[in-house]
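Q: Sequence plus predicted model, see below.
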Amino acid sequence: MHRTRAMHIVCAGHINWDVRLHVDRLPTPGDEGLIERRHESGGGSAANVAVGLAELGEDAHLLGAAGDDERGSEATARLEEAGVEPHVRIAEAPTTVKYVLVNGAGEVALLGTDGANESFGADDLPAGTLDTAGALHLTGQRPETAAELARRAPADAVVSFDPGRRGADRAYDAVFEHVDVLLVNEKEAQTLDVDVPVTVTKLGAEGARWSGPAGVVESGGIDVGAVADTTGAGDAFAAGFLTVWLDEREPARALGVGNACGALAVGEEGPDANLSWERIESMLDR
């Protein structure tokens, strides 16, 4: 089902504090929505993927930054409790806060503060952290930091990159030169025109698509019934996909496990999907 020996995987990017506001509807300009409940937790794409990898048995490390404040301490504690080894730069700026509006269908809209999450630079990389890494997973962060980390990764390490919503707005050309696996959603795939060995397109409820040297492989979505919250579903997918891909290089199996992880995430409130191989296999049996 999966390897017995954990792989050393380094994730790099944002550590956030998420404030989720569950609303009756996502307001349009001039409109007003009603906040039905509020939930707070650690977040950030890199942090979410690292947590998912650790839950799946990998030796997950995280490179990022947080403020010297309660939110930063709690976000770091979340990582440690999941089994992630955090390498966190404590910045002068406060921990970045993301306000996530979630409607009854699980659709989201985001607002954010700048904060500390891009304070981590390549010079903050602890000695030896990347030396034995089998993989480096980069997420949306300062392009120069992502590019330098990719350059420092071992020659045989797999470099994956999920640039996120701002991928088309930032100068990531130097990063793409090192990328082995690009993870994007369907909208992002339409705005990015890059040449990388493998592109994985997340299609939400429709599943996912792998495009690589062997052609195109598709895996359908999994019916989850009621959706609680889509926050972090793409990150859960990435954790599941990478865990299998790094071990087996089998697109169909990797996509299926990724889809199962994403399906588990949308059934949970917040970004933590509470992944386990038992739950994944049960989801795949549907």
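A: Yep, it's here.
Q: Touching stretch 161-168 from outside, list them.
A: Contacts with stretch 161-168, where a contact means CB atoms under 8 Å, 6 or more residues apart in numbering, come from 45, 49, 137-140, 146, 150, 170, 172, 175-176, 179, 181-184, 188, 191-192, 234-235, 238. For glycine as for every other residue, the C-beta is placed from the backbone atoms N, C-alpha and C.
Q: Of the residues you listed, which qualify as buried by neighbour count?
A: 45, 49, 137-140, 146, 150, 172, 175-176, 179, 181-184, 188, 192, 234-235, 238 (16 or more other CB atoms under 10 Å).
Q: What about the residues you listed, which are in helices?
A: Judged by DSSP state H, helices contain the following of the buried ones among the contacts of stretch 161-168: 45, 49, 146, 150, 175-176, 188, 234-235, 238.
Q: Dump these into TSV; add distance to E278 and pLDDT as well.
A: Formatted as TSV, these follow (distance: CB to CB, whole Å; pLDDT from 0 to 100):
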residue	distance to E278	pLDDT
S45	26	94
V49	21	97
A146	34	96
A150	35	97
V175	36	96
F176	37	95
E188	32	88
G234	23	92
D235	20	95
A238	20	97
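Q: Looking at those residues, spot the one nearest V227.
A: Using CB to CB, G234 comes nearest to V227 of those, at 13.9 Å.
Q: residues contacting the nearest residue to that closest one once chain neighbours are set aside?
A: On the basis of CB to CB, 6 or more residues apart in numbering, the spatially nearest residue to G234 that is not a chain neighbour turns out to be K202, at 5.4 Å. Counting by CB under 8 Å, 6+ apart, K202 touches 183-186, 208, 234, 237, 258, 262.
Q: same thing but 6 Å
A: By CB atoms under 6 Å, 6 or more residues apart in numbering, the contact set of K202 is 185, 208, 234, 237.
Q: now the helices: where do they sit in the chain?
A: 45-55, 70-82, 143-152, 173-176, 186-191, 233-248, 251-266, 277-284.
Q: what's the shortest one packed up against?
A: What that stands for is helix 173-176. The contact analysis (3 or more CB pairs under 6 Å, 6 or more residues apart in numbering; DSSP states H and E) places helix 173-176 against helix 143-152.
Q: which residues of the chain score low on pLDDT?
A: Counting by pLDDT under 70, the chain has low-confidence residues at 1-5.
Q: Nearest the geometric middle of it, what residue?
A: D235 (3.1 Å; CA atoms, centre = their mean).
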